[in-house]
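[1] Predicted model and sequence follow; I will ask about them next.
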Amino acid sequence: MMSDRQKGIVLAITGAFFWGVGGVASDWLFTGRGISVDWYVTARLLVSGVFLVAVHKFMSKGMPVFGIFKERSVIIRLIIFSMLGMLLVQYSYMASIDHGNAAIATLLQYLAPIYIILWYLLRGQERTTGFDALAIFLTLTGTFLLLTNGSFGQLSVPLPAIIWGVVSGFSLAFYTIYARGLLTRFPSLLVVGWAMIIAGGVMNFIHPIWVVEAEMIDAAAVLTLLFGIFAGTAIAFWFFIKSLEYITAKETTLFGTIEPLAAIVASVLVMNVAFQSWQLFGMFLILVLITMLSLKKQSE
């Protein structure tokens, strides 16, 4: 029988793995079955949001499901978080996958901590350290090699994938900073669940969930869709939060670095994505950066 620590490690690794592979599942749905990004984001947000709020209701004896809507200031903050955080980060990530691939999109999104560092430096809330300089150097070098394969004259990744990937990183940075005001007062499952429902509700006006846009729907598409929505989104987040009951936040963060690795390996195996030598070295530098940021978070 597993110890509590072993349970926490398994939950953290499984959640990160589902997140990474979930992106590749989305890639397969876009390229293999022609499923619309707009529809998929609507379905992903609404279904996952309802699932997480239901999990909170049935597993938490604390705050009621609608307890977050009692104060006007909290409601406004939740709406801003839902639009500029949840919706933007989900849509931009999926759009980057649609124009490129899950591995590139995940790595570009994982540069969000660098944007957070730069934000605090620009605001004068932190002083530049040797670690910051090294992190920025690895970011610039690794991203350049990843996107160009070392060539100054051409891109190895479609420009729309890069733009959406950068937007995804910035929106994740905003998501991370802005969420703190809500997470200090309310359970994370409730905050994220309602943010998904609100964001999905807005997306539903753009592309209704009942209007399925796809070139082909078969059993494989349905199973992949269910995996992407439930395992790749709702369960992944639930497992991440659940792991915090057994291991520390710093350990969970470190195990979370498995996500980009899972996305890279799955992209190669499932989508037959081929990376060139300098791109692989750029990936290595970014993965080193991600690990460094995780270790730095541990020390703090």
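    Happy to help now that I have it.

[2] Next, please give the residue ranges for the strands of the protein.
    Counting by DSSP state E, the chain has no strands at all.

[3] In it, where is pLDDT below threshold?
    Across the chain, residues meeting the criterion (pLDDT under 70) sit at 125-126, 128, 249-250, 296-300.

[4] What is the lengthiest helix in it packed up against?
    Identified as the longest helix of the chain according to DSSP state H is helix 4-32. Contacts defined by 3 or more Cβ pairs under 8 Å, 6 or more residues apart in numbering; DSSP states H and E place helix 4-32 against helix 37-59, helix 88-99, helix 102-109, helix 219-226, helix 236-243, helix 249-255, helix 258-270. In short, each C-beta sits where N, CA and C put it, glycine included.

[5] now the fifth one against helix 37-59, angle please.
    In this case it means helix 236-243. Helix 236-243 runs at 30 degrees relative to helix 37-59, counting by axes from the mean of the first three to the mean of the last three Cα atoms, to 10 degrees.

[6] Just checking the distance from helix 236-243 to the centre of its chain.
    13 Å (Cα atoms, centre = their mean, to the nearest Å).

[7] what's Ile68 in contact with, if anything?
    74, 78, 182, 186, 190-191, 194 (Cβ atoms under 8 Å, 6 or more residues apart in numbering).

[8] nope, Ile104 is what I meant
    Counting by Cβ under 8 Å, 6+ apart, Ile104 has contacts 96, 146-147, 157, 161, 165.

[9] out of those residues, which one sits closest to Leu107?
    Leu146 (6.5 Å; Cβ to Cβ).

[10] Count the residues that sit near that closest one.
    The number of residues packed near Leu146 is 26, by other Cβ atoms under 10 Å.

[11] Was I right to think it contacts Ser277?
    No. The pair Leu146 / Ser277 is not scored as a contact, 11.8 Å apart, by Cβ atoms under 8 Å.

[12] Tyr110: how many residues sit nearby?
    23.

[13] So it sits against Ile286, correct?
    Yes. With contact defined as Cβ under 8 Å, Tyr110 counts as touching Ile286 (7.0 Å).
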